[in-house]
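Undergrad: output the structure for:
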Amino acid sequence: MPSDERAARVTAQLAGRLAAFRTALEAARDELRGYLELHRATDDVRLAGAIRSLGGFAAGRIDAARFDAVIADARALPPEAAARLDEGIAVLDEMLGRGDELVVRSVSSGQQLRRVVDTAFADIGRAFGVARMFRAVREGSYHGTHHGSLLVGLPFARWSRAERELAPPLVVDVDGADLRAEHLVEYLDGGACIVLVVRGEASPAPLVRMIAPTTLVVQTSDVAALARLGEWTGAAVAAVLPPSCAAFAHDPRRGARLEERLEIERIPTAGASTIGWRSARQSSEELAQLVALDAVTRAARDVAVVVAPLPPLPAGAERPAQASAVDVVASWLLAQAGLAAEGAR
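TA: Residues are numbered from 1 along each chain as shown. From the prediction side, this is the model:
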């Protein structure tokens, strides 16, 4: 299946998260427009607004024009700030007009994945730059040189915690030879979600290095398996790879222990080879790590709970109404060793 078709299917799986971000952009744009219209109103419009604000009781008692003059300076926008708000509205309009193209990127063969992701997030960060600029205008702390640059781009490294929680998902088309998933770790914070649609051959387990307690990780060859990303609001990374690669999912929602969170569906048996940036040894280590994790989690799931029978009581003795689990197990172990507990002698 061509990578562009897979990318379209991936964005469909992420429709909910994308819609939430677009809704936030629309709300911000509408708020900016309303604010700008109010503070850029003509004298006649402001006078009419002052009359409405004063109400009927003020008619004939308060000079609406003089009242408006008193507050006009506080409401008037400096020309530079007004122009910057116009630019902010244009930025949000442009971002909304791009639709899914805003979050779908492609890494040219030989290009660095990290650079493309960094550029994409800086582009998306312009929305947060607009919000920061708008807040500065309202608070009266606007400075053209500083706040104007926010509309050009805001790198992920400069996003606040709240902004990272609002991050939209990013879908990146990349050659398997250029897939260096470990370079994405710095972006997996808040609600950031990165899905890699891989072209051609790839190392068997490139995402195994990304497993962390609160990060959703999905490596699959089936786009439908990405449905769980749409239900997750935390940091996530996923890759759609050839069927020759491993398939697994690490889902923090499944439990606190690794054996609960990690599901390994497929581990390839073919030996690893050098692919692009990955040497055969590096690929082999990633696969070996996945095999080790599989063994550990299987062993943890297979641990049986031993129900220890209560040891027999001496003649005439009564068993306590409740016995602690520790006492019961200790007594059972002593009995198995041919020893009797002190209380049974």
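Undergrad: so which bits of the longest helix along the chain are buried?
TA: If you go by DSSP state H, the chain has its longest helix at helix 15-39. By neighbour count, and taking 16 or more other Cβ atoms under 10 Å as the criterion, the buried residues in helix 15-39 are 17, 18, 21, 22, 25, 28, 29, 32, 33, 36, 39. The way it works is simple: take the backbone N, C-alpha and C, and place the C-beta from them, glycine included.
Undergrad: list of residues touching stretch 133-145?
TA: Applying Cβ atoms under 8 Å, 6 or more residues apart in numbering, the external contacts of stretch 133-145 come out as 28, 31-32, 35, 77-78, 80-81, 84-85, 88, 147-148, 150-151.
Undergrad: sorry, back to before: can you add distance to residue 8 and pLDDT and give the buried residues of helix 15-39 back as JSON lines?
TA: Shown next, in JSON lines, are the buried residues of helix 15-39 (distance: Cβ to Cβ, whole Å; pLDDT from 0 to 100):
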{"residue": "17", "distance to residue 8": "16", "pLDDT": "92"}
{"residue": "18", "distance to residue 8": "12", "pLDDT": "94"}
{"residue": "21", "distance to residue 8": "18", "pLDDT": "94"}
{"residue": "22", "distance to residue 8": "17", "pLDDT": "95"}
{"residue": "25", "distance to residue 8": "21", "pLDDT": "95"}
{"residue": "28", "distance to residue 8": "27", "pLDDT": "95"}
{"residue": "29", "distance to residue 8": "26", "pLDDT": "95"}
{"residue": "32", "distance to residue 8": "31", "pLDDT": "93"}
{"residue": "33", "distance to residue 8": "32", "pLDDT": "93"}
{"residue": "36", "distance to residue 8": "36", "pLDDT": "89"}
{"residue": "39", "distance to residue 8": "42", "pLDDT": "81"}
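Undergrad: between these, which is nearest residue 107?
TA: Within the buried residues of helix 15-39, the smallest distance to residue 107 is 20.4 Å, found for residue 18 (Cβ to Cβ).
Undergrad: which two from the buried residues of helix 15-39 end up farthest apart in space?
TA: 17 and 39 (33.8 Å).
Undergrad: ok, the buried residues of helix 15-39 vs residue 230, which is closest?
TA: Using Cβ to Cβ, residue 17 is the member of the buried residues of helix 15-39 that lies nearest residue 230, at 6.2 Å.
Undergrad: residue 120 sits in which helix or strand?
TA: Residue 120 is part of helix 113-124, with elements assigned from DSSP states H and E.
Undergrad: now what about that helix, what contacts it?
TA: Defining contact as Cβ under 8 Å, 6+ apart, one finds that helix 113-124 is touched by 95, 102-103, 105-107, 153-156, 159, 167-168, 170, 172, 174, 178-180, 183-184, 187, 192, 194, 196.
Undergrad: buried subset of these?
TA: The neighbour-count criterion (16+ other Cβ under 10 Å) marks 95, 102-103, 105-107, 153-154, 156, 159, 167-168, 170, 172, 174, 178-180, 184, 187, 192, 194, 196 among the contacts of helix 113-124 as buried.
Undergrad: neighbours around residue 190, how many?
TA: 19 (other Cβ atoms under 10 Å).
Undergrad: neighbours of residue 295, how many?
TA: Taking other Cβ under 10 Å as the criterion, the count of residues near residue 295 is 10.
Undergrad: and the strands in the stretch 101-250 of the chain?
TA: For the stretch 101-250 of the chain, strands defined by DSSP state E, counting those that start in this stretch occupy the ranges 104-106, 169-175, 193-199, 216-220, 236-240, 247-250.
Undergrad: residues in contact with the second one?
TA: Contacts of strand 169-175 with the rest of the structure, by Cβ under 8 Å, 6+ apart, involve 3-4, 7, 10-11, 14, 17-18, 103-107, 109, 113, 116-117, 120-121, 124, 192-200, 229, 236, 276.
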